[in-house]
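Q: give me the fold of what follows.
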Amino acid sequence: MADIFLRTLPFFAIIGLGYWAGRSRFFSEEATAYLTKFVFYFALSAMLFRFAATLPFAEIFDGRLVAGYLLGTLTVYALASLIAWMRGLDIPTSAVEAQCAAIGNVGFLGLPMLALLFTEAAIGPVMLVLTVDLVVFSSLIVILINAGRDGRLTPATFRLIGLGLLKNPMIVSISAGLLWSAFQIPVPVPLNDFLTILGGAATPGALFAIGASLASKSAERVQIAAWLSFCKLIIHPLCVAVFVIWLIPAESFSASVAIAAAALPVAGNVYMLAAYYGVAPHRASAAILLSTVVSILTLPLVIAIAGTF
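A: Residues are numbered from 1 along each chain as shown. Below you'll find the predicted structure:
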C-alpha cells in the first residue's frame, strides 16, 4: 500500500497545486473554467479517441464487467436514495445525493491515474466504466429531477438527454474511436502524433483544473458530505466488488480496475448538474471537496486490496 500511496501522491500533489492557485486567486474562476473547457473538449477527447481507436474492439467490450459495474453502482445509488427518502427529502434532492454517492471522477482523475497504476491495459475497462456513468447515470439524474419537479416525464426531457449525450465530447470521442477500431482503420502516424501531443495535456491539465475548482467549493453540511463521501469511497467499491467478483464474475484484472474506479472521489460534473438545476449545489460541493481530500488515503487502500483479486 505504501508503494501505491507514493505513486498516487504526485496526482494529488498536482490537484493541491491547482487548489493553491485557485485559493490564492493566482488562477481566477474564469481561468479555471477555460482550462476545464480545454481539457474536456480537446485534451481529454484526444486521449480517449486515440486509446479507443488503437485498441481492438473485442478487447474493450466486456459485457460481464458492464453488468457488474452497472448493478453495483445501482445498488449504492438505491441505498443513498432510500436514506434520502427516509430523511424526508424530495426526489430532485435525493437524486443529487445519490449521484454524489455513486458517480466518481473517472474521466479527469481515474483514466490517467489507473492507466499509470495498472498499465495501459486498464484503459479499456476504465472507458467502459466511464461510458456507463455518462450514458446511464447522467441520464438518470436528469430524468429524476425533471420528473420530481413536474410530476411526469415529457418528450422535452428525453430530447434534453439525447442532446446532452450527443454534445458530450467524451461520449463522442469514445464512440468515434470505437468505430475507427471496429473498421480496423490504421491511425496515420501524423494523426497519432497529434493526438498523443494533445492528449498529453489531459493529465496535468485535468488534475490542475480539479484542484483549482475545489478552491471555490464550500464545506457546508459536513455531516451529509461525510455520509455521501463514505458511500462513494467505501460502499460503492464494495458493492461493485460483490458483483464483479462473486455475482457476475468478470476477468480478474478488469474487475480490479472497475473496483478501483468505483473508489474515486465524487465527480465535479455532479456539482455542475446540481448548480444548473438549482438543486442542493452546496451539498454536492461539500461532498466533492471532502471525498477528494479523504480519497488521498482511501484510494490507495482500495487499489491495493483490488490488486489482490
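
Q: pLDDT score for the closest residue to residue 27 other than its chain neighbours?
A: Distances taken as C-beta to C-beta, 6 or more residues apart in numbering put residue 21 closest to residue 27, at 3.8 Å, once the chain neighbours are dropped. For glycine as for every other residue, the C-beta is placed from the backbone atoms N, C-alpha and C. Residue 21 is assigned a predicted lDDT (pLDDT) of 96.

Q: enumerate every residue touching residue 21.
A: The contact partners of residue 21, taken as C-beta atoms under 8 Å, 6 or more residues apart in numbering, are 27, 208, 211-212, 215.

Q: for it, give its distance to residue 183.
A: Residue 21 sits 43 Å away from residue 183, taking C-beta to C-beta, to the nearest Å as the criterion.

Q: quick one on the thing from earlier: among the contacts of residue 21, which are in helices?
A: Taking DSSP state H, the ones among the contacts of residue 21 that sit in helices are 208, 211-212.

Q: give me the contacts around the helix or strand bottoming out on mean pLDDT in the chain.
A: Here the helix or strand of the chain ranked lowest by mean pLDDT, DSSP states H and E is helix 57-60, holding a mean of 73. For helix 57-60, contacts defined as C-beta under 8 Å, 6+ apart pick out 52, 124, 127-128, 178, 181-182.

Q: which of those sit farthest apart?
A: The two members of the contacts of helix 57-60 with the most space between them (C-beta to C-beta) are 128 and 182, at 15.3 Å.

Q: which of those two has more neighbours?
A: residue 128 (23 against 14; other C-beta atoms under 10 Å).

Q: just to check, that one is in contact with residue 65?
A: Yes: Residue 128 lies in contact with residue 65 (C-beta atoms under 8 Å); the separation is 6.0 Å.

Q: what touches both of these two?
A: Here residue 128 and residue 65 have residue 258 as joint contacts, going by C-beta under 8 Å, 6+ apart.

Q: gap between the two ends of stretch 181-198?
A: The straight-line separation of the ends of stretch 181-198 (C-alpha to C-alpha, to the nearest Å) is 20 Å.

Q: centre of the chain to it, how far?
A: In this view, stretch 181-198 has its centroid 25 Å away from the chain centroid, taken as C-alpha atoms, centre = their mean, to the nearest Å.

Q: give me the contacts around that stretch.
A: 42-43, 46-47, 49-50, 52-57, 60, 180.

Q: any weak-confidence spans in the chain?
A: By pLDDT under 70, the low-scoring segments of the chain are 151-153, 218-221.

Q: and the next helix or strand past the least confident helix or strand of the chain?
A: Later in the chain than helix 57-60, the nearest helix or strand by DSSP states H and E is helix 63-86.

Q: what helices or strands is that next one leaning on?
A: If contacts are counted by 3 or more C-beta pairs under 8 Å, 6 or more residues apart in numbering; DSSP states H and E, helix 63-86 sits against helix 91-102, helix 123-132, helix 236-241, helix 252-262.

Q: a markdown table please, covering those and showing distance to residue 204.
A: Shown next, in a markdown table, are the helices and strands packed on helix 63-86 (distance: least, C-beta to C-beta, whole Å):
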| stretch | distance to residue 204 |
| --- | --- |
| helix 91-102 | 26 |
| helix 123-132 | 18 |
| helix 236-241 | 26 |
| helix 252-262 | 20 |
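
Q: and of these, who's closest to residue 115?
A: Across the helices and strands packed on helix 63-86, closest to residue 115 is helix 123-132 (C-beta to C-beta), at 5.5 Å.

Q: mind listing what's buried along the helix or strand hosting residue 284?
A: Here residue 284 sits within helix 281-306, counting by DSSP H and E. For helix 281-306, the buried set under the neighbour-count rule, 16 or more other C-beta atoms under 10 Å, comprises 281-296, 298-303, 305-306.

Q: and if you look at stretch 34-46?
A: Within stretch 34-46, the residues that count as buried by 16+ other C-beta under 10 Å are 35-36, 38-40, 42-46.

Q: among those residues, which are located in helices?
A: Using DSSP H, 35-36, 38, 44-46 are the members of the buried residues of stretch 34-46 that sit in helices.

Q: surely residue 115 touches residue 124?
A: No: judged on C-beta under 8 Å, residue 115 makes no contact with residue 124 at a distance of 10.4 Å.

Q: more neighbours, these two?
A: The neighbour count for residue 115 versus residue 124, taken as other C-beta under 10 Å, is higher for residue 124 (22 against 18).

Q: quick one: that one from residue 234, how far?
A: Taking C-beta to C-beta as the measure, residue 124 and residue 234 are separated by 26 Å.

Q: rewinding a little: among the contacts of stretch 181-198, which two are most distant?
A: The largest separation in those, counting by C-beta to C-beta, is between 42 and 56 at 25.8 Å.

Q: got the contact list for residue 254?
A: By C-beta under 8 Å, 6+ apart, residue 254 lies in contact with 62, 65, 124-125, 244.

Q: residues in contact with the nearest residue to it once chain neighbours are set aside?
A: For residue 254, ignoring the flanking residues on the chain, the nearest one in space by C-beta to C-beta, 6+ apart is residue 125 at 4.4 Å. Going by C-beta under 8 Å, 6+ apart, residue 125 touches 62, 65, 253-254, 257-258, 261.
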